[in-house]
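Here is the input, now give the coordinates:
(2 chains)
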Amino acid sequence: MLALEIKDLKKTYKTGFEALKGIDLSVEHGDFFALLGPNGAGKSTTIGIVTTLVNKTSGSVKIYGHDLDVEPKKAKALLGIVPQEVNVSVFSKVYDVVYNQAGFYGVDSQTARQQTEKLLKAMDLWEKRGVTLRQLSGGMKRRLMIARALVHQPKFLILDEPTAGVDIELRRSMWEFLQEVNRQGTTIILTTHYLEEAEQLCNKIAIIDQGKIIENTDKKTLLSQLNVETMLLDLQQPLSTLPDLSPYKAKLIEATVIEVEILKEQNINPLFEKLSQHHIQITSLRNKTNRLEELFIRLVNKTG
Amino acid sequence: MLKQQLIALKTIVRVEIFRFLRVWMQSLMPPVVTIVLYFLVFGHFIGPHLQIQSGLTYMQFIVPGLVMMAVVMNSYNNAAFAFFMTRFQRSIEEMLVSPMDFHILLLGFSLASITRGLLTGVIVTLVSFLFTHELPQHIGILFLSAILAAILFSLLGFLNGIFAKKFDDISTVPTFILTPLIYLGGVFYSIQQLPHVWQIASYFNPITYLVSLFRYGFVGLQTINLFYGVIILIIINVLLYSANMFLLKRGVGIRT
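Numbering: from 1, shown residues only, chains lettered A, B, ... in the order given. The predicted structure follows:
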């Protein structure tokens, strides 16, 4: 069953800027789906149209089969949204933000109270329930946005840069929470600048650039397209010049770090043999960037 | 679905009423202080030297107008400020992404503003008993006109809230349009005392009908046809409601 079905979606702003040039996108029920793209690619416009905050120029959007133009209330009832920016009055209290959102979705007060307590505790904000928004740290505000988005128990959760500005430790705990939400049956679509986040969380990935979907597949298939990986080798002793390591494309980027491009079909063992022949001791081996990031840069540069 | 919509309505009304009650010293008291000063200066100090043709004292004459002025200003300011702030802080998005109907959105903000307008009106009326001991003569018309006024100016304030792009825009209309309309709507003088041309011009001012109806309810002085007055106000309210709904559905001020 399709949780989200977008067909030939176009958006041209009043300024004449064509943000979306006819995109098609399908998200299956249960997916943890990443929508990636550089700044200004059309991610937020797409999310804006799905959440009805942006008027589309043409095309159609269905949420669990409910067309946003025909049955907007049924479609929106299934949707939860974590916005890119905190969109709450700074004078609101933490508890009220979540509890009132349940009211806007028509959740009865008893269920709303139970859900609010459960989610604020899950997001480690229960102790802060009586304070106003301006007294919260950036990370707390992001967690509050997640609690608010889930209060009416949506089937489909949209996360627009949910961990922007959040420290690594907190980001990882939010990932665990979101993975659990997904395991319990909530379909999730995520936009993020942290490609590690998309690689870690998502099973399907679409890449949007200049208003067009340039890639849309499952993560494994996408990563298998990566023909070259760039590895960094940390050396025990500094080098002044790099010996010939052909057929590997290598360069010395610091006295103790070699950068090597390894093709998908290449075996890595001969590289170490060559390094041993030159008495070069390797202390560690790591990817220069994560695999998805490498692929993303190559794909976006190709279309640009 | 109706039950969910009613819960949403209750939520907006509760949130908005709580918002102005939480800052009651800023929201409810300033208009009361202003109106008390009007009672003192115009009613108590200057009033005894002024002549009103209807046989009423000047204090009796201006009390209904000043109560109506409080209702009008507070309904308007509340709706304009509340909706603009909701847009400005982008908390409007909380409501727009939900399955809430636009009718509920408009009704929610309007009902909260109507409540503030009427609450201020009640406080000012109670304070007026310190200056005049007249009891209202036609309670039905009194309530009807106060409610029609609160609805009309809540809807007008909401309209201002839709179009406003900056804070200046929500103070411009009260300063340059609303205040002149109130002052020229017969709060401080009888329309019948004006030259003919000004009398005709006054009938294009909705506040004239509101003040006249309210004054009839308060002290029994009839200066307009009550039936036509009520019908004109109902028509204006229906038009304003429709205009707000049209703009909301078009996404004016709330969607890009």
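
Most proximal residue of chain A with respect to chain B?
For chain A and chain B, the shortest gap (Cβ to the nearest Cβ) falls at A:Gly106, measuring 2.4 Å. To be clear about C-beta, it is placed using only N, CA and C from the backbone, and glycine gets the same treatment.

is it true that that residue touches B:Pro99?
Yes: in this structure A:Gly106 lies within contact range of B:Pro99 using Cβ atoms under 8 Å: 6.9 Å.

Give me the common contacts of the two.
Listed as contacting both A:Gly106 and B:Pro99 by Cβ atoms under 8 Å, 6 or more residues apart in numbering or on different chains are A:Ala77, B:Gln4.

Name the single longest helix found in chain B.
As assigned by DSSP state H, the longest helix anywhere in chain B is helix B:58-88.

Could you give me the buried positions within the helix or strand just after that helix?
Counting by DSSP states H and E, the next helix or strand C-terminal to helix B:58-88 is helix B:92-96. The neighbour-count criterion (16 or more other Cβ atoms under 10 Å in any protein chain shown) identifies B:Ile92, B:Glu93, B:Glu94, B:Met95, B:Leu96 as the buried residues of helix B:92-96.

From those residues, pick out the ones that also neighbour chain A.
For chain A, the contacts drawn from the buried residues of helix B:92-96 by Cβ under 8 Å from any Cβ of the partner chain are B:Glu93, B:Glu94, B:Met95, B:Leu96.

The residue nearest to A:Thr241 when sequence neighbours are not counted: what's it in contact with?
Excluding the flanking residues, the one nearest A:Thr241 by Cβ to Cβ, 6 or more residues apart in numbering or on different chains is A:Leu252, at 7.3 Å. Residues in contact with A:Leu252 (Cβ under 8 Å, 6+ apart) are A:Leu239, A:Thr241, A:Leu242, A:Ile258, A:Glu259.

that's a strand at the last one, yeah?
Yes: with the criterion set as DSSP: H, G, I helix; E, B strand; the rest coil, the secondary structure at A:Glu259 is a strand.

That one contacts A:Arg286, correct?
No: in this structure, A:Glu259 is not within contact of A:Arg286 by Cβ under 8 Å, at 10.8 Å.

quick one, which of the two is more surrounded?
Using other Cβ atoms under 10 Å in any protein chain shown, the more surrounded residue of A:Glu259 and A:Arg286 is A:Glu259, with 16 against 9.

Give the burial count for the nearest residue to that one once chain neighbours are set aside, as a bare number.
Excluding the flanking residues, the one nearest A:Glu259 by Cβ to Cβ, 6+ apart is A:Ile253, at 4.9 Å. Number of residues near A:Ile253 (other Cβ under 10 Å) recorded here: 12.

doesn't A:Ile253 fall inside a helix?
No: counting by three-state DSSP, A:Ile253 is not found in a helix; it is strand.

need the residues of the stretch 51-200 of chain A near chain B, please.
Close to chain B, as judged by Cβ under 8 Å from any Cβ, the stretch 51-200 of chain A has residues A:51-55, A:72-74, A:76-77, A:79, A:81, A:83, A:85, A:87-90, A:92, A:96, A:100-101, A:103-109, A:148.
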